[in-house]
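Visitor: model the following, please.
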Amino acid sequence: MAGMAGRGGPMLVLKDTTKRESGRKVQLGNVEAAKTIADLVRTSLGPCSMLKMLMDPMGGVVMTNDGNAILREIQVEHPAAKAMIDVSRAVDEEVGDGTTSVIILAGAMLSGAERFLKDNIHPTVIIAAYRKALDDAVSMAKGQISVPIDVNDREQVLKIINSCIGTKMIRAWADRACMMAYEAVTTVRSEDRGRVEVDIKRYVRVEKVPGGSVNDSYAFGGCMLNKDIVHAKMRRRIENPRVILLDCNLEYKKGESMTNLEISNEADFTKILELEEKMVRDMCDDIIRLKPDLIITEKGISDLAQHYLWKNNISALRRTRKTDTNRIARATGATIVNRTDELKESDVGTGCGLFEIRKIGDEYFSFLEKCSNPKACTILLRGASKDVLKEVERNLQDALHVARNIMIQPNIAAGGGALEMALQHGLSEKAKSLAGVQQGPYQAVADALEIIPSTLIQNCGSKPLRVLTELRAKHSQGLTTFGIDGETGKVVDMNDFGVWDPLNVRLQAIKTAVETAILLLRIDDIVSGVKKTQPGGGAAPAS
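Guide: Numbers count the residues shown, from 1 in each chain. Below is the predicted model of the structure:
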């Protein structure tokens with residue numbers, strides 16, 4: 001970038017390899033990038049959504065209609081497009097659902113701001129109006145539109161989970177998927193001083209086993225490991241086992257690095273072997289003293305230790321993952337111990353009702369189930385192929401997050417675009433009382449919310465203009481529960497139709513979409529460093 005020096009010559013401020021764009025061009029470019037990303041996932045919203053087939057550079061294929069999974073697989077160059085993808089990932093981590101909605105809404109919010117930028121209205125004015133509209137929308141949703149529910153009402157919670165699954169590939173097995181999600185979340189749910197905690201990331205494990213049908217899938221309170229016992233003659237089925245969890249090797253201690261040992265006579269070598277054997281025997285004696293039925297360790301078990309354990313009728317599993325051991329500890333009531341000489345009676349887990357080795361397909365799996373108070377859950381997924389299993393798992397994760405959201409914040413709102421239309425009507429009425437330049441951008445937020453029902457209508461092949469007019473008429477009469485049937489494109493009352501969403505999922509999508517629009521509107525300069533390449537192919541040396 002050049003400026004004029006004192007004597008009329010050019011003055012270089014930025015390197016000549018640096019590219020700079022500024023002003024309206026950048027803002028309008030950001031809007032276009034956001035609209036492009038939104039158009040990419042628009043057809044993936046609702047029960048009549050289309051699947052996207054994505055191919056990665058290694059030749060792998062992903063088929064999905066999950067917004068976050070689609071955007072995670074594609075490669076983009078524009079920084080605003082990258083910001084949109086990060087937004088989808090953030091919503092997926094926060095509430096687990098609504099990833100497609102948030103991208104579509106953010107694209108509509110920025111599209112609404114485009115005409116104001118072209119009219120030379122300052123972005124700060126637009127941002128202030130957007131913030132005010134967001135605050136009003138959140139207060140309306142929490143105060144007038146949402147409905148509290150009883151989380152102990154199983155039928156009602158299953159109906160809400162079914163609303164989430166109804167837009168995904170797994171809806172063909174909706175009843176089973178809803179039951180699995182509900183059982184998993186109620187199993188790991190815990191309350192501490194009035195605060196509800198549902199940690200599905202750490203304590204709900206989804207095991208995918210190819211073969212069979214999705215109808216063969218089920219959830220159970222307990223743990224499942226892709227492990228077989230270490231010795232062929234150990235017991236493969238134990239009722240009410242006493243379980244010990246270890247985080248240490250059951251073998252003689254090896255040197256940290258290279259160890260040299262000089263032996264002067266034959267007796268010394270025999271003595272070394274005896275010491276190694278005694279060390280293993282002492283560790284096994286520490287375990288045998290507590291009379292356990294099952295040993296699970298994260299490290300190795302030597303052949304000698306296996307022999308001692310088998311002789312004392314103790315089964316053993318080795319080299320389990322830390323995450324699996326933590327879940328077993330939670331399910332059985334055992335404590336993970338680092339040294340065998342520190343073992344005591346209170347460390348033994350007695351909460352498991354059945355330990356059994358089962359063969360599924362070509363592999364052996366260890367099951368710890370029928371636990372008295374399981375605070376960990378396993379979902380066993382069966383399916384025709386790995387692609388089907390991956391998509392079913394993605395859909396099931398959304399259902400788990402929805403169930404978790406209901407447990408933590410038991411408020412729901414009408415689905416099928418009903419919440420968005422109710423907010424659109426409320427904000428439009430409020431916009432009439434505003435004066436000055438802010439009225440236009442405030443109304444733009446209200447209009448942008450219509451994109452959700454409009455997209456639902458388009459995706460099922462109906463005519464948006466006629467149906468949206470009918471839906472607006474219903475909401476102008478104060479009927480806030482009317483929305484779109486995503487399969488027929490008709491206006492229906494969600495009280496009768498039974499599609500309800502957790503309030504915090506819908507609000508998180510709206511909040512994140514507006515915040516993303518505000519973030520991208522604030523940008524008025526993009527400076528990027530461009531590397532020049534030499535004719536030989538290497539990068540030019542720095543000047």
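
Visitor: for the stretch 1-150 of the chain, which segments count as helices?
Guide: Assigned by DSSP state H, counting those that start in this stretch, the helices in the stretch 1-150 of the chain fall at 24-41, 67-73, 79-94, 99-118, 123-140.

Visitor: buried sites along the fourth one?
Guide: Pointing back at helix 99-118 there. 99-114, 116-117 (16 or more other C-beta atoms under 10 Å). For every residue, glycine as well, the C-beta is placed using N, CA and C.

Visitor: next one: that helix to chain centre, how far?
Guide: 24 Å (C-alpha atoms, centre = their mean, to the nearest Å).

Visitor: which other helices and strands contact it?
Guide: Helices and strands touching helix 99-118, by 3 or more C-beta pairs under 8 Å, 6 or more residues apart in numbering; DSSP states H and E, are helix 24-41, helix 67-73, helix 79-94, helix 123-140, helix 439-448, helix 451-459, helix 503-522.

Visitor: what's the angle between that helix and helix 503-522?
Guide: For helix 99-118 against helix 503-522, the angle by axes from the mean of the first three to the mean of the last three C-alpha atoms, to 10 degrees is 30 degrees.

Visitor: hey, C-alpha coordinates of helix 99-118 in CSV?
Guide: C-alpha atoms of helix 99-118 as CSV (Å, rounded to 0.1, in the frame of the first residue of the first chain):
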residue,chain,number,x,y,z
THR,A,99,-27.2,-26.5,13.2
THR,A,100,-29.0,-26.1,9.8
SER,A,101,-31.4,-23.6,11.2
VAL,A,102,-28.7,-21.3,12.5
ILE,A,103,-26.9,-21.1,9.2
ILE,A,104,-30.1,-20.4,7.3
LEU,A,105,-31.1,-17.7,9.8
ALA,A,106,-27.7,-16.1,9.8
GLY,A,107,-27.7,-15.9,6.0
ALA,A,108,-31.2,-14.3,6.1
MET,A,109,-30.1,-11.8,8.7
LEU,A,110,-27.2,-10.6,6.6
SER,A,111,-29.3,-10.6,3.5
GLY,A,112,-31.7,-8.3,5.3
ALA,A,113,-28.8,-5.9,6.1
GLU,A,114,-27.6,-5.8,2.5
ARG,A,115,-30.0,-3.2,1.3
PHE,A,116,-29.2,-0.9,4.2
LEU,A,117,-25.5,-1.1,3.5
LYS,A,118,-26.2,-0.2,-0.1
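
Visitor: and residue 278, which of the three is it?
Guide: Three-state call for residue 278 (DSSP: H, G, I helix; E, B strand; the rest coil): helix.

Visitor: that one: neighbour count?
Guide: 11 (other C-beta atoms under 10 Å).

Visitor: same question for residue 272.
Guide: 13.

Visitor: thought it was touching residue 265?
Guide: No - counting by C-beta atoms under 8 Å, residue 272 stays clear of residue 265, with 11.8 Å between them.

Visitor: and the helices in the stretch 251-400 of the chain?
Guide: 266-288, 303-311, 322-332, 386-408.

Visitor: under the pLDDT cut-off, which ranges of the stretch 1-150 of the chain? List them.
Guide: Residues of the stretch 1-150 of the chain meeting the criterion pLDDT under 70: 1-19.

Visitor: at 90 what do you get?
Guide: 1-101, 112-123, 141-150 (pLDDT under 90).

Visitor: same check on the stretch 301-450 of the chain?
Guide: Using pLDDT under 90, the stretch 301-450 of the chain drops low at 339-342, 360-363, 370-375, 383-417, 432-439.

Visitor: so the spatially closest residue to residue 47 that is not a sequence neighbour, which of the three states?
Guide: Leaving aside its sequence neighbours, residue 47 sits nearest to residue 486 (C-beta to C-beta, 6 or more residues apart in numbering; 4.2 Å). Secondary structure state of residue 486, per three-state DSSP, is coil.

Visitor: so who does residue 486 touch?
Guide: Counting by C-beta atoms under 8 Å, 6 or more residues apart in numbering, residue 486 makes contact with 46-48, 166-167, 416, 456, 459-460.

Visitor: of all the residues you listed, which comes closest to residue 436?
Guide: Nearest to residue 436 among the contacts of residue 486 is residue 456, at 34.3 Å by C-beta to C-beta.

Visitor: can you pull the contacts of that closest one?
Guide: Residue 456 makes contact with 45-46, 416-417, 484, 486, 489, according to C-beta under 8 Å, 6+ apart.

Visitor: same question, residue 206
Guide: 378-379, 381, 393, 396-397.

Visitor: try residue 54
Guide: Here residue 54 is in contact with 61-64, 70, 73-74 (C-beta under 8 Å, 6+ apart).

Visitor: hmm, back to that, deepest in the core, which of the helices of the stretch 1-150 of the chain is it.
Guide: Using mean count of other C-beta atoms under 10 Å, the stretch among these with the largest mean neighbour count is helix 99-118, at a mean of 24.

Visitor: dump the helices and strands packed on helix 99-118 to JSON lines, plus distance to residue 305.
Guide: Supplementary listing: the helices and strands packed on helix 99-118 in JSON lines, determined by distance: least, C-beta to C-beta, whole Å:
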{"stretch": "helix 24-41", "distance to residue 305": "54"}
{"stretch": "helix 67-73", "distance to residue 305": "44"}
{"stretch": "helix 79-94", "distance to residue 305": "42"}
{"stretch": "helix 123-140", "distance to residue 305": "60"}
{"stretch": "helix 439-448", "distance to residue 305": "66"}
{"stretch": "helix 451-459", "distance to residue 305": "61"}
{"stretch": "helix 503-522", "distance to residue 305": "51"}
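
Visitor: which among these is found nearest to residue 194?
Guide: helix 503-522 (18.6 Å).

Visitor: helices or strands up against that closest one?
Guide: Partner elements for helix 503-522 (3+ C-beta pairs under 8 Å, 6+ apart): helix 24-41, helix 79-94, helix 99-118, helix 123-140, helix 386-408, strand 411-414, helix 418-431.
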